[in-house]
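Trainee: how does the following fold in three dimensions:
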Amino acid sequence: MRSASFANAFAFVALHMWGQGYAAWAWVLLALQFLVYPHLVYLRARRARDSQRAELHNLVLDCFLVALWVAALGFPLWISFTLFISTAINNAISRGRRGVVLALSAFGGGALLGGAPTGYALASAPVHDAWVTALCVFGLSWYLLGIGHVAYARALALRATREQLKQGETALQHANETLRARLEDIHALQAQLKDQANRDPLTGLYNRRYLQDTMARELTRCQREALPLAVMLIDIDNFKQVNDRYGHQAGDETLRQLAQLLAGEARGEDVVCRYGGEEFLVLLPGMPGVAALERAERWRRAFSAIELWSGGGRIALSLSVGLAFFPQHGRSAEELVRAADLALYRAKAAGRNRSAVFDEAAGEG
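Mentor: This is a model prediction of the structure:
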């Protein structure tokens, strides 16, 4: 529609200019504006990443450029009205009230710029030639009727689509509700299975499998944010003797008691895992070494104070703890766990029921 309407505009502007002594370059500009320009902006919009946005910019540019011609011609009445209302309608249809404001602004800016060289002189003949008037009326009429036809066709298509949607709306809503319920069940089951796969069934703590992924992620975060990280490896002293003397039920209860103690006092960002057998591993992101050692000692004393009875006797409970810190004692999960394990071994060798920090100077490295 732009190409056809601009071709019509070329015809009535050319009739208006005919016989008024315009230079050859003016006719060249006229042809470029009304015969070449529409195809150029079409190609620009088609090849743009966002073609709709590019076309909206083109509509505003149309207003500005035709206003330059209107001003240069001396604001002939019918030509001015036809060019303004045609381009303004395009913007109004595309953007509503904002489009009208943009059209008025662009047309006004073009008129001011185009009329500056001539001092905003009006055309010498206030009444157009009959052929110019006829072409303006014809062009404006078919353009408005064309827009009306397009709007009517779109309204029919929209009405048909609305009827189809209304007919299937109930069935679609029911299907969506059924699908949503099934998806919720699936997601809940997946979350439950994933949580079960990452949990130790006896203690409810995270298992070693979960630790591998989490520790790598926490190390990356601490390295990126320049945060400390403490790794605490905990082992129940003489656990085999507890099993042998009091039975495996007492041993299981001992593991559960320690798990409750660790989980109950852990921060939200801490990761408490059953590492294997009677060993537990705790990640303490962002916790300095001194605070981590204090935490280990508090847990050690609290565990020793637990009153666990079996067979009429109180089970003597104690634990040993080995600590390693990032980045001083290692920058990878393997290095830190190995350092914490060496520190735990030293705590065991020193008599158990104590905490030890990895010491490379002591020959542990």
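Trainee: what about the stretch 101-250 of the chain, any weak spots by pLDDT?
Mentor: Applying pLDDT under 70 to the stretch 101-250 of the chain picks out residues 118, 120-128, 142, 188, 191-196.
Trainee: go with 90
Mentor: 101-198, 209, 212-213 (pLDDT under 90).
Trainee: ok, which stretches of it are helices?
Mentor: Assigned by DSSP state H, counting those that start in this stretch, the helices in the stretch 101-250 of the chain fall at 130-197, 208-224, 239-246, 248-265.
Trainee: relative to Gly74, tell me which of these wins on proximity.
Mentor: helix 130-197 (13.2 Å; Cβ to Cβ). In short, each C-beta sits where N, CA and C put it, glycine included.
Trainee: hmm, Ile147 is touching Ile89, no?
Mentor: Yes: counting by Cβ atoms under 8 Å, Ile147 does reach Ile89; the two are 6.8 Å apart.
Trainee: on that earlier part again, need the helices of the stretch 101-250 of the chain in CSV with distance to Ser310, can you?
Mentor: Below are those laid out as CSV (distance: least, Cβ to Cβ, whole Å):
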stretch, distance to Ser310
helix 130-197, 29
helix 208-224, 28
helix 239-246, 4
helix 248-265, 4
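Trainee: neighbour-wise, which of Ile147 and Ile89 wins?
Mentor: Ile89 (18 against 15; other Cβ atoms under 10 Å).
Trainee: tell me who's in contact with that one.
Mentor: Applying Cβ atoms under 8 Å, 6 or more residues apart in numbering to Ile89 gives the contacts 143-144, 147.
Trainee: could you report the pLDDT at it?
Mentor: For Ile89, the pLDDT comes out at 82.
Trainee: remind me which helix or strand it belongs to.
Mentor: helix 77-95 (DSSP states H and E).
Trainee: buried residues in that helix?
Mentor: Residues 78-80, 82-84, 86-92, 94-95 are the ones in helix 77-95 that count as buried (16 or more other Cβ atoms under 10 Å).
Trainee: same check, this time on stretch 235-247
Mentor: In stretch 235-247, counting by 16+ other Cβ under 10 Å, buried: 235-237, 239, 242-243, 246.
Trainee: okay if I get those residues as a markdown table plus distance to Ala333?
Mentor: Output for the buried residues of stretch 235-247, formatted as a markdown table (distance: Cβ to Cβ, whole Å):
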| residue | distance to Ala333 |
| --- | --- |
| Asp235 | 19 |
| Ile236 | 23 |
| Asp237 | 26 |
| Phe239 | 25 |
| Val242 | 30 |
| Asn243 | 30 |
| Tyr246 | 35 |
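Trainee: out of these, which is nearest to His57?
Mentor: After measuring the buried residues of stretch 235-247 against His57 - Cβ to Cβ - the closest member comes out as Asp235, at 70.7 Å.
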